[in-house]
Structure formats: C-alpha cells, structure tokens
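>>> turn this into a structure:
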Amino acid sequence: MMTIRKANERGHADHGWLNSYHTFSFADYHDPKWMGFRNLRVINDDTVAAGAGFGEHPHRDMEIISYVLAGALRHQDSMGNGRIIKPGEFQYIAAGTGILHSEYNPSPKDPVHFLQIWIQPDKTGAKPAYKEKAFSNAAPGQWNLVASKTGREGSLRINQDNDLWLARFSNGEALTHELRPGRHAWIHVAEGSVELNGQQLAAGDGVAVSQESKLELAGQGKAQVLLFDLN
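Sure, this is the predicted structure:
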C-alpha cells in the first residue's frame, strides 16, 4: 500500500527570513492525519534567507538529520562543534540528554535550502553526538547508505533501527529497493521528478509505504530522492 503526500498539501509557514514546508505536523501547523510516519517525526523543507537562521535553542531525545541542497549552513553547538555544511552533505545530531545548537546562513547574499529531519530514537537519555557525511560526489543511479542503526558501510550510526538511503538520478536511471517483511518506507523527493512503482512524483512529494516488497524508482532527468527504510 502506498499513500502519496503531495508537495502542495504540506503545511507552510513564511516568516520572511524562513520559508518552510512541513510534511508532518510541526509548530503551528497541525494535521492529525499527518503526525509523522512510524518513528519519522519531521521533514521540513526549509529555505533560509541570507544572513539569517535559527538562534541557539535546545533539543533532547531526538535524532536530527539535516541535508543541504543549495547554499551553506553554519552549525554551532554546546558540544564544541562549529562547521559549515555544504550541498550534498548530511549533518547528524543525537540530542540525547540535551544539547544547544544554532544553524545560520553565513552567506551575505544567497539563501540556503536544506531538509530538516527528526527521527524518534529507540532509547532516551543517550549521550549527545555530532557527525557529518558528504555525498557531494555520489554517482547517479545507485543507492548510498547515509545512516543506519549499526553504522554499516561507513554510514552514520543513529539511535534507531532505520536505514536512510540517498539516490541521485541524472538521465533516466532506474533503481530497486527490497523491503523485508514487516518493514515500512517513506520516500521523499528532494529535487526533480521520479516515477515510483508507476506513480509520478515531483519535488516535495512524499510517499508512505507499507505491505510492499519492492520499490522501483526511475529518474526523469536530474533528481534526488531520500528513502527511509523503517521498522
């Protein structure tokens, strides 16, 4: 079974400095039909204006992953990390027992476009952690394992039995992903257009998948897709 969440059905907030689309209920946007999917709680499609950003604020007991699509994002946190995240790079924060962090656009003229993802951890009170992984040179037409519970294949080790995959397409490449019995998936089209099991999807669209064994994706020109293989 596949349930499509179209991009234009998402929640939307325009704060001037921040233009944000919410796949799931977030902040002032509330839709009881879309509180998340499995342990996937937030996918925010954020564009932050030049010189603006999220000031220092706290989190705890949440797995937070950000993926920069365009521009740059300057990160600082209470663990002593300070980095600039660029297109094709993932940032991971295990908030655990509690962290403070800020995320700013360091550019004086260009916006930054990124995805902010929250996953509920499988345990509370974990030790806070920070990691990064770059896929700026990832070849099209292949699955790239970004994050997993075990950190296999050099992926980011997270506190949940989820696999996060990135796929890029440039010229009609096709990919298949097998779902084990009892597993679920969420597909988010980050850029471009793709076909999923015969369904046309565009940038910002999401799909909840349950009771399916095979997912077949075909790119339609340049595109990027995130696939969450969920317990």
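>>> element containing the residue positioned nearest the centre of the chain?
By Cα atoms, centre = their mean, the chain has its centre lying nearest to Ile117, at 4.4 Å. Per DSSP states H and E, Ile117 falls inside strand 112-119.
>>> pLDDT score for Gly172?
pLDDT recorded at Gly172 is 87.
>>> what's the burial count for it?
13 (other Cβ atoms under 10 Å). Quick note: C-beta positions are derived from backbone N, CA and C, even for glycine.
>>> am I right that the residue nearest to the centre of the chain is in contact with Ile64?
Yes: counting by Cβ atoms under 8 Å, Ile64 is a contact partner of Ile117 at 7.1 Å.
>>> anything in contact with each of these two?
Shared contacts of Ile117 and Ile64 (Cβ atoms under 8 Å, 6 or more residues apart in numbering): none.
>>> related to what we said a few turns ago, show me the contacts for the residue nearest to the centre of the chain.
Ile117 touches Leu40, Val42, Ile43, Asn44, Ile64, Ile65, Ser66, Tyr67, counting by Cβ under 8 Å, 6+ apart.
>>> Ser20: which of these is nearest?
Asn44 (5.4 Å; Cβ to Cβ).
>>> hang on, the closest one in a strand?
Yes: according to DSSP: H, G, I helix; E, B strand; the rest coil, Asn44 belongs to a strand.
>>> wait, it touches Ser25, no?
No: applying Cβ under 8 Å as the test, Asn44 and Ser25 come out as separate, 11.1 Å apart.
>>> counting neighbours, what do you get for the closest residue to Arg183 other than its chain neighbours?
Closest residue to Arg183 apart from its sequence neighbours, by Cβ to Cβ, 6 or more residues apart in numbering: Asp229 at 6.0 Å. Residues lying near Asp229 (other Cβ under 10 Å) number 21.
>>> could you do Gly55 as well?
Neighbour tally, Gly55, other Cβ under 10 Å: 9.
>>> torsion angles phi and psi at the residue of the chain most remote from its centre?
No residue in the chain sits farther from the centre than Pro108, which is 25.5 Å out by Cα atoms, centre = their mean. Main-chain dihedrals, Pro108, degrees, to the nearest 10: phi -80, psi -10.
>>> could I get the pLDDT score of Thr176?
pLDDT, read off for Thr176, is 98.
>>> and if you look at the one 10 residues further on?
At Trp186, the model reports a pLDDT of 98.
>>> that one is in contact with Leu215, isn't it?
No: proximity of Trp186 to Leu215 does not meet the contact threshold set by Cβ under 8 Å, at 10.9 Å.
>>> now for the two: what residues contact both?
Taking Cβ under 8 Å, 6+ apart as the criterion, Trp186 and Leu215 both touch Val209, Leu227.
>>> of these two, who's got more company?
Trp186 (24 against 19).
>>> could you find the closest non-adjacent residue to that one?
Phe228 (4.4 Å).
>>> my read: that neighbour touches Gln160, true?
No: counting by Cβ under 8 Å, Phe228 stays clear of Gln160, with 10.1 Å between them.
>>> out of the two, which sits in the busier spot?
Phe228 (24 against 20).
>>> what is whichever strand or helix holds that one packed up against?
For Phe228, the enclosing helix or strand under DSSP H and E is strand 223-230. In terms of contacts (3 or more Cβ pairs under 8 Å, 6 or more residues apart in numbering; DSSP states H and E), strand 223-230 is packed against strand 163-169, strand 184-191, strand 193-196.
>>> what's the average pLDDT for that strand?
If you average the pLDDT over strand 223-230, you get 98.
>>> got the angle between it and strand 163-169?
Interaxial angle of strand 223-230 relative to strand 163-169 (axes from the mean of the first three to the mean of the last three Cα atoms, to 10 degrees): 160 degrees.
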